[in-house]
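Student: missing the sequence, but the structure's below:
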């Protein structure tokens, strides 16, 4: 099993403690020991923890003996949640190489998106940094359509993992977008958040599982494509899924930090290109 990073939110005896008790990486045996120690601190029997995690006491015994390979991931997560343990998984596949692969996929998706927006007449800035009253970060793609004066604040994701973190981050970036626009000399009439996701079975499943949360991004499919081609009004948000072409078809150019880039002209068809699917 992969190593985990565990954050213990110690609320034993129903007395909340604001400080983090321990943060670290551990293997199966380490997690087993942590679960056992926190259970003892709360004065719980294995049956008590099992009831709170909605699993059988025998599964608690299996976990505390370090035999995590015999348990499903949902079972382990339920036990962790019952004890206030936050798990962060480390895939353990040559970390730097895995990070480079993820970054390359993100760059491809961003570059593909930027080219399509430019073809529709949008001005685009990639990785726009902000520091606004303690809120720091970067907007993956900030786009401006001069005729309609619409701003798009775009979060790009190759994989949907932490839904609330994604939507919360997009909300923060939307709030600070007006300041970023002024710095660029743009005069926005409306600011619209957008989430662009790589089209995959996993991402579609996670979108379906959290549809209530993603309902705040209602403009999708053909409606989203039409709006991008002719942005009128101010929709609450866009959700666009893009099926990336083969890397050999993208010209191999990576999307690093860029200045504002102007399009030569609108796409001849005036539509979101067929290679990018926004259906959901």
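Tutor: The structure has been received and is ready for your questions. All of these numbers come straight from a predicted model, not from anything done at the bench.
Student: what about the strands in the protein?
Tutor: Using DSSP state E, the strands found in the chain span residues 4-8, 23-26, 85-89, 123-132, 135-145, 150-157, 190-198, 238-242.
Student: give me the distance between the most centrally placed residue in the chain and residue 155.
Tutor: The centroid of the chain falls nearest to residue 166 when counting by C-alpha atoms, centre = their mean (4.1 Å). Distance of residue 166 to residue 155, given as C-beta to C-beta, to the nearest Å: 6 Å. The way it works is simple: take the backbone N, C-alpha and C, and place the C-beta from them, glycine included.
Student: give me the common contacts of these two.
Tutor: Listed as contacting both residue 166 and residue 155 by C-beta atoms under 8 Å, 6 or more residues apart in numbering are residue 195.
Student: and the contacts of stretch 153-162?
Tutor: Contact with stretch 153-162 is made by 102, 105-106, 109-110, 113, 139-143, 166, 169-170, 173-174, 177, 191-198, 200, 202-203, 206-207, as judged by C-beta under 8 Å, 6+ apart.
Student: can I get the buried part of those residues as one PyMOL selection?
Tutor: Remark: buried members of those, expressed as a PyMOL selection using 16 or more other C-beta atoms under 10 Å:
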select buried, resi 106+109+110+113+139+140+141+142+143+166+169+170+173+174+177+191+192+193+194+195+196+197+198+203+206+207
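Student: for the stretch 101-250 of the chain, just list every one of the helices.
Tutor: Ranges of helices within the stretch 101-250 of the chain are 163-183, 201-209, 211-214, 221-229, based on DSSP state H, counting those that start in this stretch.
Student: you'd agree residue 76 is up against residue 69?
Tutor: No. If you go by C-beta atoms under 8 Å, residue 76 and residue 69 don't touch, sitting 10.6 Å apart.
Student: settle it for me: which of those two has more neighbours?
Tutor: A count of neighbours by other C-beta atoms under 10 Å puts residue 76 above the other of residue 76 and residue 69, at 22 against 8.
Student: do you know the pLDDT at that one?
Tutor: We have a pLDDT of 92 for residue 76.
Student: change the start of the numbering to 25 and stick with it
Tutor: Understood, numbering begins at 25; the last thing we discussed is residue 100.
Student: which residues sit in contact with it?
Tutor: If you count contacts by C-beta under 8 Å, 6+ apart, then residue 100 has 87, 92, 111 around it.
Student: hmm, try it at 7 Å
Tutor: Counting by C-beta atoms under 7 Å, 6 or more residues apart in numbering, residue 100 makes contact with 87, 92.
Student: what about it, distance to residue 234?
Tutor: 21 Å.
Student: re the thing from before, export the helices of the stretch 125-274 of the chain as a markdown table, with columns for mean pLDDT and distance to residue 71.
Tutor: A markdown table is the format used below for the helices of the stretch 125-274 of the chain (pLDDT from 0 to 100; distance: least, C-beta to C-beta, whole Å):
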| stretch | mean pLDDT | distance to residue 71 |
| --- | --- | --- |
| helix 187-207 | 91 | 32 |
| helix 225-233 | 92 | 30 |
| helix 235-238 | 94 | 34 |
| helix 245-253 | 92 | 49 |
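Student: which regions of the chain sit below the pLDDT cut-off?
Tutor: 25-50, 113-126, 158, 269-304 (pLDDT under 70).
Student: wait, residue 148 touches residue 168, no?
Tutor: No. Checked against C-beta atoms under 7 Å, the pair residue 148 and residue 168 is beyond contact range at 8.0 Å.
Student: what do these two both touch?
Tutor: What both residue 148 and residue 168 touch, as defined by C-beta under 7 Å, 6+ apart, is an empty set.
Student: what's stretch 218-236 in contact with?
Tutor: Counting by C-beta under 7 Å, 6+ apart, 133, 137, 176-184, 187, 194, 238, 241, 261-268, 301, 304 sit against stretch 218-236.
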